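K.L.:
Model the structure of this input:
(chains A and B)
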Protein chains: 2
Amino acid sequence: MGGRLFIVCAAGLLVTGCFKQKPVDQNAESAKQIHQLLDNWSKAFAAKDVNAVMAMYAPGAALTAYDIVPPLQYVGYEAYRRDYQDFFAQYAGPLRVEMRSVHVAAGDTVAVAFMLERVTGTLKSGEPADFWLRATQTYRKTDGRWLAVHDHISVPADMATGKAALDLKPG
Amino acid sequence: MGGRLFIVCAAGLLVTGCFKQKPVDQNAESAKQIHQLLDNWSKAFAAKDVNAVMAMYAPGAALTAYDIVPPLQYVGYEAYRRDYQDFFAQYAGPLRVEMRSVHVAAGDTVAVAFMLERVTGTLKSGEPADFWLRATQTYRKTDGRWLAVHDHISVPADMATGKAALDLKPG
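P.N.:
Okay, here's the model as predicted:
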């Protein structure tokens, strides 16, 4: 009876594809988790809470970031944490962030989110800051948990004038 | 005998995890395919062959690109193709491209590659062009084939001067 039950069970699983590591709803669940990470990040960023911001990132050398500001790349968690701290230190009071055209692609172990973001705040000089940027974030799933391993944050450049295009708006 | 064979077979497969949709070497094979795409792209880019360049991208609205030049985003294959054409049209003769610090992360249906790239060429004005940029490319696997669905290409911006940092080199 045990053997017969096992045959039925195994055959059933084969037919229904239950052994597929990534059925469709797993990817949907992952996409939901990525959206939750983005939501957590937004709140932490607005509050300039560097610890809460960094909670979504992979530790140590697993993280490489291409930020809006030089250098070309920030290698490692600590370097990127300092970059966030330097950014937050330039602003008085909280920031605001608005996301638009958010895309999420989630597979079994690798996921990506990309979107346009409007960042608004007041610099410590009193000057207002208000710009749209592009953000692409890559995640890896390790021990059942999604962590960001790569950020790419930028504004376009006007190659003729050499100016950073900080005044663009989504079309 | 058939039933017993099936039990042994099914149990063996369960133990060895043969039903996992993405065993480790599948991801390694995917990473190899992504590296091949990057290699193809480099050759096509150097030759300013827009058809060969565009062969790696997903058709229609599945493609969204954040390029080094405005606007904030290029939505769709045709818009990005025109952007490549406009870029190539600025240069006399072939381009050179060198990739450094290439990372590839490949899952079952989503993969990402990111790297620093040095682009060298001669503008039609006769002026030399030589700059390092950051490139992040996202792929989706459809019908067994990897196609790029998202590019993010940029140089950093100096927020104090408003200048695009076109003269940076990897540290």
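
K.L.:
just the strands in chain A please.
P.N.:
Here chain A has its strands, by DSSP state E, at A:64-66, A:74-75, A:91-106, A:110-123, A:128-142, A:145-154, A:157-158, A:163-164.

K.L.:
Tell me which of the ones you listed sits most buried.
P.N.:
Most buried of the strands of chain A by mean neighbour count (mean count of other Cβ atoms under 10 Å in any protein chain shown) is strand A:64-66; its value is a mean of 24. Every residue, glycine included, has its C-beta placed from N, CA and C.

K.L.:
tell me what that one is packed against?
P.N.:
Judged by 3 or more Cβ pairs under 8 Å, 6 or more residues apart in numbering or on different chains; DSSP states H and E, the packing partners of strand A:64-66 are strand A:74-75, helix A:77-89, strand A:145-154.

K.L.:
B:Gly60 is nearest to which of the strands of chain A?
P.N.:
Closest approach to B:Gly60 among the strands of chain A is made by strand A:91-106 (14.5 Å; Cβ to Cβ).

K.L.:
between the closest one and strand B:110-123, what angle do the directions make?
P.N.:
Angle of strand A:91-106 versus strand B:110-123, following axes from the mean of the first three to the mean of the last three Cα atoms, to 10 degrees, is 110 degrees.

K.L.:
where does chain A dip in pLDDT?
P.N.:
The model of chain A has pLDDT under 70 over residues A:1-24.

K.L.:
Same list (the strands of chain A) but as JSON lines, adding distance to A:Asp83.
P.N.:
Shown next, in JSON lines, are the strands of chain A (distance: least, Cβ to Cβ, whole Å):
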{"stretch": "strand A:64-66", "distance to A:Asp83": "7"}
{"stretch": "strand A:74-75", "distance to A:Asp83": "5"}
{"stretch": "strand A:91-106", "distance to A:Asp83": "14"}
{"stretch": "strand A:110-123", "distance to A:Asp83": "15"}
{"stretch": "strand A:128-142", "distance to A:Asp83": "14"}
{"stretch": "strand A:145-154", "distance to A:Asp83": "10"}
{"stretch": "strand A:157-158", "distance to A:Asp83": "20"}
{"stretch": "strand A:163-164", "distance to A:Asp83": "17"}
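
K.L.:
Which one of the helices and strands packed on strand A:64-66 lies nearest to chain B?
P.N.:
Nearest to chain B, of all these, is strand A:145-154, at 3.3 Å by Cβ to the nearest Cβ.

K.L.:
centroid residue for chain A?
P.N.:
The residue lying closest to the centre of chain A (Cα atoms, centre = their mean) is A:Gln137, at 3.8 Å.

K.L.:
what's the distance between that residue and A:Leu116?
P.N.:
The gap separating A:Gln137 from A:Leu116 is 13 Å, by Cβ to Cβ, to the nearest Å.

K.L.:
rewinding a little: out of the strands of chain A, which gets nearest to B:Val69?
P.N.:
Of all the strands of chain A, strand A:157-158 comes closest under Cβ to Cβ, at 6.6 Å.

K.L.:
now A:Leu116, nearest residue through space, not along the chain?
P.N.:
Excluding the flanking residues, the one nearest A:Leu116 by Cβ to Cβ, 6 or more residues apart in numbering or on different chains is A:Arg100, at 4.6 Å.

K.L.:
Return the residues in contact with the one you found.
P.N.:
A:115-118, A:170 (Cβ atoms under 8 Å, 6 or more residues apart in numbering or on different chains).

K.L.:
Ok, A:Ala106 next?
P.N.:
For A:Ala106, the contact set (Cβ under 8 Å, 6+ apart) comprises A:27-28, A:30-31, A:33-34, A:112, B:110.
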